[in-house]
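> build me a structure from this.
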Amino acid sequence: MKTKQQYETAARSCFIGWVGIIVCILLQLVTCQTAPAQTMYEVQYESEADIKLYEVDYPSQADIKYWVVEYRSQANEQRHHWYWTDYPSQAKYKIYWVQYPSQADKTVYRVKYPSQTR
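Next up, the predicted model:
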């Protein structure tokens, strides 16, 4: 049979263990964040756009090299992996394609592989 002291020690150890688990979960919730998705929507009018872009012919001419993903969960703002949305309210950025590079805020180049982005 267990004595009262052994029971109290086991209960205290269990309590400390659960407090540790709860603290770890709270730390993860506070510090871990998912990468923000770079969601894009193409607008028809320049005045509606957050940013004006021009697509260049060569990667060396681009300010941004981007890759288009199939699913929203694959989009990553730090890596310039873009997801095109169906509605402007779903997009983080509304873009307008300009005719000349001098009109653009940024020049972009679409790459074939995600590892080529910068």
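> now the worst-scoring helix or strand of the chain on mean pLDDT: how far from the chain's centre is it?
Lowest by mean pLDDT, DSSP states H and E among the helices and strands of the chain is helix 4-31, with a mean of 77. Centre-to-centre, helix 4-31 and its host chain are 34 Å apart (CA atoms, centre = their mean, to the nearest Å).
> same deal with stretch 68-81?
7 Å.
> now do the buried residues in it.
69, 75-76, 79-81 (16 or more other CB atoms under 10 Å). In this view, the C-beta of every residue, glycine as well, is placed from N, C-alpha and C.
> ditto for stretch 51-62
Buried, per 16+ other CB under 10 Å, within stretch 51-62: 53-54, 56, 62.
> quick check: mean pLDDT across stretch 103-110?
Per-residue pLDDT over stretch 103-110 has a mean of 94.
> how about it as CSV, C-alpha atoms only?
Coordinates of each C-alpha in stretch 103-110 appear next as CSV, following Å, rounded to 0.1, in the frame of the first residue of the first chain:
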residue,chain,number,x,y,z
GLN,A,103,5.1,52.8,-65.0
ALA,A,104,5.6,49.9,-62.6
ASP,A,105,6.3,49.9,-58.9
LYS,A,106,8.1,46.5,-59.4
THR,A,107,9.3,44.4,-62.3
VAL,A,108,8.6,40.7,-62.0
TYR,A,109,9.6,37.5,-63.8
ARG,A,110,7.7,34.2,-63.5
